[in-house]
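In: Dropping a prediction and its sequence here:
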2 protein chains.
Amino acid sequence: MHTTSSSLAGAVDGARFWADLEAQARIGALSPRGIRRLALDDQDNRARLWLMAQGEALGCSAHYDALGNVFLRREGQEPTLAPLLIGSHLDSQPSAGAYDGTLGVVAGLAVLRTLSEQGIAHRQPVEVVSWTNEEGARFAPGASGSSWFAGGRDAKTILAARDDAGITFQAALADCLALLEAHGARFRSAPVVPHAFLELHIEQGPVLEEKGAPVCVVTGIQGVHWYEVEVDGQANHAGTTPEASRRDAFMGAHALVGALKAAVAAHDDQVRFTIGKFALSPNSVNTIPQQTRFTIDLRHPDPTVLEALDAAFRQLAQREWSGCTARLEATSRVAPVAFDDALVAVLDEAVKAHWPQAPRLVSGAFHDAIHLAHLCPTAMLFTPCRAGISHHPDEHIERADAEVAVRTLMHAVETLLMTRND
Amino acid sequence: MHTTSSSLAGAVDGARFWADLEAQARIGALSPRGIRRLALDDQDNRARLWLMAQGEALGCSAHYDALGNVFLRREGQEPTLAPLLIGSHLDSQPSAGAYDGTLGVVAGLAVLRTLSEQGIAHRQPVEVVSWTNEEGARFAPGASGSSWFAGGRDAKTILAARDDAGITFQAALADCLALLEAHGARFRSAPVVPHAFLELHIEQGPVLEEKGAPVCVVTGIQGVHWYEVEVDGQANHAGTTPEASRRDAFMGAHALVGALKAAVAAHDDQVRFTIGKFALSPNSVNTIPQQTRFTIDLRHPDPTVLEALDAAFRQLAQREWSGCTARLEATSRVAPVAFDDALVAVLDEAVKAHWPQAPRLVSGAFHDAIHLAHLCPTAMLFTPCRAGISHHPDEHIERADAEVAVRTLMHAVETLLMTRND
């Protein structure tokens, strides 16, 4: 076992790492840039096979499980120890960039390449994983593979999901599993509880770019509440109905939104409050709206703030707004996750070795790590993407930043492999 | 010529008038109630033929013009005098009540029936008109027949309009004109300038019902400005984008609407301010909106108030709203119309004879009369409709109210026929 803390970080082959990213970007490539690899489609399956081929060339074994999650395993001196797990996902949004998810898988591969090239022996196994259907773009909701793996969701519900063409997750998965089997991957029926899970991901926000930091530790993931709000008024003629006789569902919604904004403003600036969908009925220029429907996306790292706002929103929805009634329904609630302190400390040390002034962030987006955190010590690294743009072909990362990030990941892995004493 | 002022009002055959309304309600009847007579469709044409047949049975001549407007003419002792014109329209919205428009035409027919039954001779001709395509539901914009007749719009533009099936106004009109010709109506190429135009219409608002008045004088029609407003921000991830980095097009629009409302509130309560259409792009629950588009329907009887609000709206649109830019475009401007004082006085006297406490109203909706007012002395009567509902099969009027209204119209016509001294 190696003993210097930085030897392997420096040994990562940056050019090979970048070439791996470019190779992945050719699978499902869009013109002139970006990718389309919907979960379990042909391109997504090709991305899995490419990953398996790279691992096998390094002497790793390839495994898959009942959800199509693919694992490359570099065996440890003590194969019964829980593996150190590194990874992310290879599926994408319909019109996506080449780095969201893929970066974390290819970075894991770079770790395996480095361990192999440097001839490192380690007691515990090291595994790189690609989780199935993180994006949820073809089959909703997302994070199917990681949430099932971590015991958060049952397979039956996941398998019953259908895409827009009516194809079930189960049918698409069966084709994928048959392909993996045919290419020599081994089925692993018993779930493995990892020693720890590490995920490197693009930030998908503007903070790191603004601060000029190529990498940072992510200490947790914000909780998210989704709501649907309906405001009911009375449709009527825009010209003939006096102000006093109106029950205008747009004006009611406008007033309610004003009160919701005021409730949000009473908390700290970590609250994310977004009204992304908003529709009027009948939606006619000269008809007073009968009904308004809108959504709320509310996020905060602290569950007590989310609960306080939940209570405030519910109270506001019970009031009358411009003569209209309102109904608020919570359609989704995901609690915040705080990553494992000890693992965050390891990542912190690794980050500081490469970029001392790096900030710490709380992730505003979901990641597979939010599910793994319920199963084993989990933490993440972020690297910047240009202008925070993702889920779009214009998603872009700087090679120099990505190299610092992958070396930081290698650094942290090395620390973990050295300090594993159980 | 008769000399008593109220003899003819009392002579109107209320049962026959109601039966005429019921007969019209069977043309294009929907189940269980309501009608569908889109401009120049088969049902709308049948409604024209029914009207012509009634007029001819009364010894009136039937005429049509280049836009398919149909006129029943009861000849005067002095045929060269300008005719007194009474009417409205027989076309309807796609799913409409039986009274919007039809009431005014059938009321005109009741006047002709009464003059005929009572053997009244009058110096000037009396004509009842049904204007083509008032509603604009099939071919936009509406009031085609009356606006062309009054010289406000050129035929070429009107004829080029297409319905949703791609059929031009011109093609539909050609079929209609051939049908009218085949049924013995005479083409009238030279436009006639009426002595005056009277239109009885349902209020399409709640005021008369609230006041318990069966009829009232309409002193004018509100001016209407239509605007389209666009607010441009930057789409971004709802979870990862800090408040300070957001250019949220929904929040920008919300703030702008607040300012528009405040500008409106600075004026009297006759302002009608409606945001009837409102749309976000990309309209996704977890994406900060890139763009908001909404419409404004602004009405007031006083042109100076409309102009003041126009200037205020334009100024507000030039400011930045939550980091977003705004653009405001006026898509339609119709100036308010104040009806002819002398004609309003005649109607006022007639209304007072039948319902002394009746209010005076300014119409919040457009009517054919808004165009005729630019051609000849014009005024209107309103009768209530239940709960102000129109453009819906539930549109409903009370027979007793409608009878008071038609007798009031007959009263006013009698006054005008008696006092005509030119």
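Out: That came through fine. Numbers count the residues shown, from 1 in each chain, chains lettered A, B, ... in the order given.

In: any idea how far stretch A:251-271 is from the chain center?
Out: 27 Å (Cα atoms, centre = their mean, to the nearest Å).

In: buried stuff in it?
Out: Buried residues in stretch A:251-271, counted by 16 or more other Cβ atoms under 10 Å in any protein chain shown: A:251-260, A:263-264, A:267, A:271. To be clear about C-beta, it is placed using only N, CA and C from the backbone, and glycine gets the same treatment.

In: ditto for stretch A:353-369
Out: The neighbour-count check on stretch A:353-369 (16+ other Cβ under 10 Å) flags A:353-355, A:358, A:361-369 as buried.

In: Pick the one among those closest to chain B.
Out: residue A:364 (3.4 Å; Cβ to the nearest Cβ).

In: quick one: contacts for that closest one?
Out: A:204-205, A:222, A:272, A:299, B:237-241 (Cβ atoms under 8 Å, 6 or more residues apart in numbering or on different chains).

In: Ok, residue A:9 next?
Out: A:350, A:353-354, A:407-408, A:410-411, A:414.

In: can we see that at 7 Å?
Out: Contacts for residue A:9 (Cβ atoms under 7 Å, 6 or more residues apart in numbering or on different chains) come out as A:407, A:410-411.

In: measure residue A:127 to chain B for me?
Out: Separation of residue A:127 from chain B (Cβ to the nearest Cβ, to the nearest Å): 28 Å.

In: coming back round to it: out of the buried residues of stretch A:353-369, list just those in strands.
Out: A:361-363 (DSSP state E).

In: can I get those in a markdown table with distance to chain B and pLDDT?
Out: Shown next, in a markdown table, are these (distance: Cβ to the nearest Cβ, whole Å; pLDDT from 0 to 100):
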| residue | distance to chain B | pLDDT |
| --- | --- | --- |
| A:361 | 9 | 96 |
| A:362 | 10 | 95 |
| A:363 | 7 | 96 |
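
In: quick revisit: can you add distance to residue B:184 and give the buried residues of stretch A:353-369 back as CSV?
Out: Output for these, formatted as CSV (distance: Cβ to Cβ, whole Å):
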residue, distance to residue B:184
A:353, 99
A:354, 95
A:355, 93
A:358, 91
A:361, 84
A:362, 82
A:363, 80
A:364, 76
A:365, 75
A:366, 75
A:367, 79
A:368, 80
A:369, 83
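
In: Pull the most distant pair out of the residues you listed.
Out: Greatest spacing in these, by Cβ to Cβ: A:353 and A:366 (28.7 Å).

In: Tell me which stretches of the stretch 301-422 of chain A form strands.
Out: For the stretch 301-422 of chain A, the strands defined by DSSP state E, counting those that start in this stretch occupy A:325-334, A:337-338, A:360-363, A:378-383.

In: Now for the closest residue to residue A:370 other than its chain neighbours, how many residues are close by?
Out: In space, residue A:370 comes closest to residue A:221 once its chain neighbours are excluded; the distance is 4.7 Å by Cβ to Cβ, 6 or more residues apart in numbering or on different chains. Residue A:221 has 27 neighbouring residues, counting by other Cβ atoms under 10 Å in any protein chain shown.

In: Residue A:333: how many residues sit nearby?
Out: So residue A:333, with other Cβ under 10 Å, has 14 neighbours.

In: so what's it bridging to?
Out: Here residue A:333 shows beta-bridge partners residue A:225, assigned using DSSP bridges.

In: So it sits against residue A:225, correct?
Out: Yes - between residue A:333 and residue A:225 a contact is recorded at 5.3 Å, counting by Cβ atoms under 7 Å.

In: follow-up on the earlier one: quick one: residues contacting the residue nearest to residue A:370.
Out: Applying Cβ under 7 Å, 6+ apart to residue A:221 gives the contacts A:336-337, A:362-363, A:366-367, A:369-370.

In: returning to what we had before: most tightly surrounded among the strands of the stretch 301-422 of chain A?
Out: strand A:378-383 (a mean of 28; mean count of other Cβ atoms under 10 Å in any protein chain shown).

In: Run through the residues that contact the residue nearest the centre of chain A.
Out: Most central in chain A under Cα atoms, centre = their mean is residue A:367, positioned 2.3 Å from the mean C-alpha point. Contact analysis of residue A:367 by Cβ under 7 Å, 6+ apart lists A:199, A:201, A:221, A:380.

In: do the same with residue A:288
Out: Going by Cβ under 7 Å, 6+ apart, residue A:288 touches A:235-236, A:238, A:241, A:246, A:248, B:274.

In: Of those, which is the nearest to residue B:31?
Out: Of all these, residue A:235 has the smallest distance to residue B:31: 21.9 Å, by Cβ to Cβ.

In: Turn the contacts of residue A:364 into a markdown table, including neighbour count.
Out: A markdown table is the format used below for the contacts of residue A:364 (neighbours: other Cβ atoms under 10 Å in any protein chain shown):
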| residue | neighbour count |
| --- | --- |
| A:204 | 25 |
| A:205 | 26 |
| A:222 | 25 |
| A:272 | 23 |
| A:299 | 27 |
| B:237 | 22 |
| B:238 | 28 |
| B:239 | 21 |
| B:240 | 27 |
| B:241 | 24 |
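
In: need those in a markdown table with pLDDT and secondary structure, can you?
Out: Output for these, formatted as a markdown table (pLDDT from 0 to 100; DSSP: H, G, I helix; E, B strand; the rest coil):
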| residue | pLDDT | secondary structure |
| --- | --- | --- |
| A:204 | 94 | coil |
| A:205 | 93 | coil |
| A:222 | 96 | coil |
| A:272 | 96 | strand |
| A:299 | 96 | strand |
| B:237 | 89 | strand |
| B:238 | 93 | coil |
| B:239 | 93 | coil |
| B:240 | 91 | coil |
| B:241 | 92 | coil |
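
In: Would you mind checking which of the residues you listed is nearest to residue B:114?
Out: Distances from residue B:114 to the contacts of residue A:364, taken by Cβ to Cβ, are shortest for residue B:238, at 67.9 Å.

In: Pull up the residues of the stretch 201-350 of chain A that are close to chain B.
Out: With Cβ under 7 Å from any Cβ of the partner chain as the criterion, the stretch 201-350 of chain A comes near chain B at residues A:203-207, A:222, A:224, A:226, A:236-243, A:245, A:250, A:254, A:257-258, A:269, A:272, A:274-278, A:280, A:283-289, A:295, A:297, A:299.

In: What segments of chain A are helices?
Out: Counting by DSSP state H, chain A has helices at residues A:7-11, A:14-25, A:42-57, A:102-117, A:144-149, A:155-160, A:169-182, A:207-211, A:249-265, A:303-317, A:341-354, A:369-372, A:399-419.

In: among these, which is nearest residue A:66?
Out: Counting by Cβ to Cβ, residue A:66 lies closest to helix A:155-160 out of the helices of chain A; the figure is 6.5 Å.

In: Just the buried residues of that closest one, please?
Out: A:158-159.

In: Per-residue pLDDT of the nearest residue to residue A:267 once chain neighbours are set aside, please?
Out: Counting by Cβ to Cβ, 6+ apart, residue A:267 lies nearest to residue A:305, which is 5.5 Å off, once chain neighbours are set aside. pLDDT, residue A:305: 97.

In: Quick one: neighbours of residue A:305, just the number.
Out: If we define neighbours as other Cβ under 10 Å, then residue A:305 has 19 of them.

In: now residue A:43
Out: Neighbour tally, residue A:43, other Cβ under 10 Å: 18.

In: Next: residue A:399.
Out: Residue A:399: 12 surrounding residues under other Cβ under 10 Å.

In: can you check residue A:63 too?
Out: By the criterion of other Cβ under 10 Å, residue A:63 has 20 neighbours.
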